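Undergrad: Fold the following for me, if possible:
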Amino acid sequence: MMDHVSAGLFVYAKDLARMASFYEAVLDMARAHSSAELVVLKADQFQLIVDAIPEPIAAQIEVASPPERREEAAYKFFFTVPSLDAAHAQARDLGGEVLAESWRGPGFIVRNAVDPEGNIFQLRELIPVSLER
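TA: Numbers count the residues shown, from 1 in each chain. Next up, the predicted model:
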């Protein structure tokens, strides 16, 4: 039985295996459940559920390489990672991208990223308070 978490997100994927592997590696999440229809990835208090788009619909979707960015989504989620540089290398190797431009927030540096199917999300790396200035 899986532990319950208080928050999560569904990502619909044309290529379930590729997208699940991408998020599992880049976000350093553990695979909690896997089936032909979905993969549940888990962090401490968050689940990311990668759900396969039904085949008749998926067949109509074309994913470019590199992926065309879906910049008009209503939501953009973020994850904190130990290293933006390491996430960048992993994303590139798995068909995604971490964009070069970065911003500083209170206690973190942030960069946008793109998954292998063009979904945009944000990665944050915590920084010591002494480096914020």
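Undergrad: quick one, strands of the chain?
TA: Per DSSP state E, the chain carries strands over the ranges 8-13, 30-34, 38-43, 46-52, 78-80, 97-105, 108-114, 120-126.
Undergrad: now the ones you listed as a markdown table including mean neighbour count?
TA: C-beta: built from backbone N, CA, C; applies to glycine. A markdown table is the format used below for the strands of the chain (neighbours: other Cβ atoms under 10 Å):
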| stretch | mean neighbour count |
| --- | --- |
| strand 8-13 | 17 |
| strand 30-34 | 13 |
| strand 38-43 | 20 |
| strand 46-52 | 20 |
| strand 78-80 | 15 |
| strand 97-105 | 13 |
| strand 108-114 | 19 |
| strand 120-126 | 18 |
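Undergrad: CSV please, covering those strands and showing mean pLDDT and distance to residue 67.
TA: Converted to CSV, these look like this (pLDDT from 0 to 100; distance: least, Cβ to Cβ, whole Å):
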stretch, mean pLDDT, distance to residue 67
strand 8-13, 94, 12
strand 30-34, 95, 23
strand 38-43, 96, 19
strand 46-52, 95, 15
strand 78-80, 93, 18
strand 97-105, 95, 8
strand 108-114, 96, 6
strand 120-126, 96, 10
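Undergrad: would a markdown table of those strands with distance to residue 70 be doable?
TA: Shown next, in a markdown table, are the strands of the chain (distance: least, Cβ to Cβ, whole Å):
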| stretch | distance to residue 70 |
| --- | --- |
| strand 8-13 | 11 |
| strand 30-34 | 25 |
| strand 38-43 | 20 |
| strand 46-52 | 16 |
| strand 78-80 | 16 |
| strand 97-105 | 13 |
| strand 108-114 | 9 |
| strand 120-126 | 6 |
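Undergrad: Any idea which of those gets closest to residue 68?
TA: Residue 68 lies closest to strand 108-114 among these, at 9.2 Å (Cβ to Cβ).
Undergrad: Contacts made by the closest one with the rest, please.
TA: 26, 66-67, 69, 78, 80, 84, 87-88, 91, 96-104, 120-127 (Cβ atoms under 8 Å, 6 or more residues apart in numbering).
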